[in-house]
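Visitor: Any chance you could fold what I've pasted below:
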Amino acid sequence: MQRSRVQMLGLIVGMAVVAGCQGAPPPSATAPAPTAPPAAAASPSLAASPSLVATPLTVSSPVASPAASPAIVASPPPAAAPAPSPAASPLAAAGPAVAAAPAAAENCEFLLGFAALRDRIGADTVGDCTENQREIPGNGTAEQRTTKGLLLYRPQDGSISFAAGDRTWILAPNGLMERPTNQRFPWEADRQAIEGLQRGGFFVYFRHGATSRTEQDTDPNNLANCATQRNLTDEGRSQARAIGEAFRTLNIPVARVLSSPYCRALEFSRLGFDRADPEPSLVVPDPLTAEERQRNTAAFLAILASPPPANANVVVVAHSPNIRDAVDVDLPVEGGAVILRPVPGGKPTPVLRLLPGEWSALAEALKRPV
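Guide: Below is the predicted model of the structure:
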């Protein structure tokens, strides 16, 4: 079931790749319109490579920052591969990995866009697969580890990439492009999202950080009593502090921090952003009646329909059902977030979902001057 969902996702993205060969893709409904990748006079286009036109999946690399102008490659990179990439999330680290390369798996295979990118840059560079491609809960990407790095699909900007140590190759509409792993092209979705936050005018909705599943909410009518609630673990507190530090490093202005009245959300807000304004409509919806739940969703949507102050953003910390009810966005990972662009008088537009560890990785990468 998992593989069939990813393969179907790959087929859809493949159609977008073909469209990219015929002209610049239209802006996405859920992401800011990316600046087109720089034209590459010497770089082969997708249209010039029949094997790529028929291949779906797309990928992006681990953290990257716009420190210098990335190079565009006109031919496959050398066969000698750099060090293997990080084993976890593609944004988990900004530098090359130091762990030993994993062994190839017997029953895995490269499919669609991942197979096409491997053919394009060379099997000796990508290596053999160590697993099948898999979806990453919480941010919409798919990835596949190899013996020499990490293949990654990122739907927000329609890119397929392979990262190996300090180098990343990206298959983009204008051809195969190469950059340092710790840099970003101006058109890449996460860089554009952060630059939008730096200008202000967005909502950033967080699901509270990691909690202990041995605890339960037993008294929803007395939210002042944290002893009767599921609370943050040490990991959840560390997530909050790291995210707050990333916001400061990235110079993301925050005007207000709205929080669920539950203790885990209030603590996450205060640890990360030094403040919390309890918002009654953000209580956990599950214990409520259908009428109460609907009323709270309407109240929350009214908040989201009012744009944040000029040159600043509004942070919201609550629970996964609240944002699912209001905007139909799923945050299955505790500490996960979605950036929302407000639509005056209407529902906001989701721009980008981020896992909790990605904020620090982006801060490390994007703090370098352009």
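Visitor: mind listing the strands for the chain?
Guide: Using DSSP state E, the strands of the chain run over 134-135, 142-145, 150-154, 159-164, 167-172, 175-180, 203-207, 254-259, 277-278, 313-318, 337-341, 349-354.
Visitor: closest to residue 239 out of the ones you listed?
Guide: strand 203-207 (9.3 Å; CB to CB). Backbone N, C-alpha and C define where each C-beta goes, glycine included.
Visitor: who touches the closest residue to residue 279 other than its chain neighbours in this structure?
Guide: The shortest distance from residue 279 to any non-neighbouring residue, by CB to CB, 6 or more residues apart in numbering, is to residue 258 (4.5 Å). Neighbouring residues of residue 258 by CB atoms under 8 Å, 6 or more residues apart in numbering: 276, 277, 279, 282, 303, 314, 315, 316, 317, 318.
Visitor: now for those, which pair is the farthest apart?
Guide: 276 and 303 (14.9 Å).
Visitor: higher neighbour count, these two?
Guide: Each of residue 276 and residue 303 has its neighbours counted (other CB atoms under 10 Å); residue 276 has more, 22 against 17.
Visitor: ok, the closest residue to that one other than its chain neighbours - contacts?
Guide: With sequence-adjacent residues excluded and distances taken as CB to CB, 6+ apart, residue 276 is closest to residue 269, at 3.6 Å. Counting by CB under 8 Å, 6+ apart, residue 269 touches 240, 257, 259, 275, 276, 315, 317.
Visitor: As a check, name the ranges of all helices in the protein.
Guide: When secondary structure is read from DSSP state H, the chain shows helices at 2-22, 50-53, 112-121, 123-126, 189-199, 234-249, 263-273, 290-304, 320-327, 358-366.
Visitor: which of these has the lowest average pLDDT?
Guide: When the helices of the chain are ranked by mean pLDDT, helix 50-53 comes last with a mean of 27.
Visitor: ok, back up a step: which among the strands of the chain is found nearest to residue 124?
Guide: The closest of these to residue 124 is strand 159-164. By CB to CB, the value is 11.2 Å.
Visitor: tilt between that closest one and strand 167-172?
Guide: Comparing the axes of strand 159-164 and strand 167-172 via axes from the mean of the first three to the mean of the last three CA atoms, to 10 degrees yields an angle of 170 degrees.
Visitor: ok now strand 159-164, how far from the chain's centre?
Guide: For strand 159-164, the separation from the chain centroid amounts to 15 Å (computed by CA atoms, centre = their mean, to the nearest Å).
Visitor: So residue 312 is in contact with residue 257, correct?
Guide: No: assessed by CB atoms under 8 Å, residue 312 is found out of contact with residue 257, at 11.3 Å.
Visitor: neighbour-wise, which of the two wins?
Guide: Higher neighbour count among residue 312 and residue 257: residue 257, with 23 against 16, using other CB under 10 Å.
Visitor: Could you list the domains of the chain?
Guide: The chain is divided into the following domains under automatic domain parsing: 2-187, 192-366.
Visitor: Which of those domains has the lowest mean pLDDT?
Guide: Per-stretch mean pLDDT for the domains of the chain is lowest at domain 2-187 (a mean of 61).
Visitor: what's in contact with stretch 230-237?
Guide: 208-213, 215-217, 240, 263-264, 267-268, 271, 334-335.
Visitor: now with 6 Å?
Guide: Residues from elsewhere that reach stretch 230-237, judged by CB atoms under 6 Å, 6 or more residues apart in numbering: 209, 210, 211, 212, 215, 217, 263, 264, 267, 271.
Visitor: tell me the contacts of the nearest residue to residue 128 once chain neighbours are set aside?
Guide: Leaving aside its sequence neighbours, residue 128 sits nearest to residue 104 (CB to CB, 6+ apart; 3.7 Å). The contact partners of residue 104, taken as CB under 6 Å, 6+ apart, are 128, 130, 147.
Visitor: any idea which of those is closest to residue 110?
Guide: Residue 110 lies nearest to residue 128 out of these, by CB to CB, at 9.0 Å.
Visitor: If anything else comes up later, I'll come back, but that's it for now.
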